[in-house]
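Visitor: mind folding the following:
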Amino acid sequence: MRPSLMTAVLALTASGCATTSGFEQLYPGMTPAQVANAMGKGPARAQEFQDGSSAWYFDEDHCVLMRDNVLVAKSTTQTRTAVRTPMGSLKDQDKAFCGPPGSEGDATREQTVHTPFGTFKGTVDPAAVTEQVKNSVRNQKIPPPGMDAPDAGGQATQPTP
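Guide: Numbering: from 1, shown residues only. Here you go, the predicted model:
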């Protein structure tokens with residue numbers, strides 16, 4: 001029974017890598033037909049640029065940049081941070097982006113938070129969040145201990161009869 005279990009595990013592992021194994025074989029200079037043949041399929045979506053180049057996205061995490069019917073670059077999603085706890089997980093990624101030189105500003109970064117309450121995807125700018133927290137704390141005026149109001153002059157006031 002052990003050999004059949006090992007065979008099943010190897011088969012699952014091989015099938016899980018099938019979508020990206022073709023991507024590893026891609027190199028600059030390949031024609032569109034060679035790219036599609038290596039990947040086993042054409043792109044899921046494409047994006048045209050003003051300089052005549054186009055980005056081919058095979059999935060959310062793999063793309064190639066084609067110019068003059070030749071592959072010139074490829075990109076994969078890069079995970080910056082992955083944290084897992086019993087209460088949830090956080091993943092911070094630079095998503096795959098293929099664009100002509102100078103369009104790097106269009107690349108996206110995505111954070112995914114999994115909690116018992118649901119999954120949240122988006123982009124969080126840590127500097128903006130820090131500044132927002134600082135500003136909200138600065139705007140709150142809390143009287144020092146022993147003071148009922150900020151203008152009490154250090155003594156508690158009593159209501160007038």
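Visitor: correct me, but F97 touches R109?
Guide: No: if you go by CB atoms under 8 Å, F97 and R109 don't touch, sitting 9.9 Å apart. Placement of C-beta: from N, CA and C, glycine included.
Visitor: just the helices in the protein please.
Guide: Remark: helices assigned in the chain by DSSP state H are 2-24, 32-39, 126-138.
Visitor: what about this protein, any weak spots by pLDDT?
Guide: Residues of the chain meeting the criterion pLDDT under 70: 1-20, 123-144, 146-161.
Visitor: where exactly do the strands run in it?
Guide: Read by DSSP state E, the chain holds these strands, from start to end of the chain: 45-48, 54-59, 62-67, 70-76, 78-85, 88-94, 109-115, 118-122.
Visitor: picking up where we left off before, more neighbours, F97 and R109?
Guide: F97 (19 against 15; other CB atoms under 10 Å).
Visitor: how about the contacts made by that one?
Guide: A55, C63, S75, E104, D106, A107, T108 (CB atoms under 8 Å, 6 or more residues apart in numbering).
Visitor: and the nearest residue in space to A73 that is not next to it in sequence, what does it touch?
Guide: Leaving aside its sequence neighbours, A73 sits nearest to L65 (CB to CB, 6 or more residues apart in numbering; 4.2 Å). Residues near L65 by CB under 8 Å, 6+ apart: S53, S54, A55, W56, L71, V72, A73, K74, S75, C98, G99, P100.
Visitor: against R109, how distant is the fourth one?
Guide: What it means is W56. 21 Å (CB to CB, to the nearest Å).
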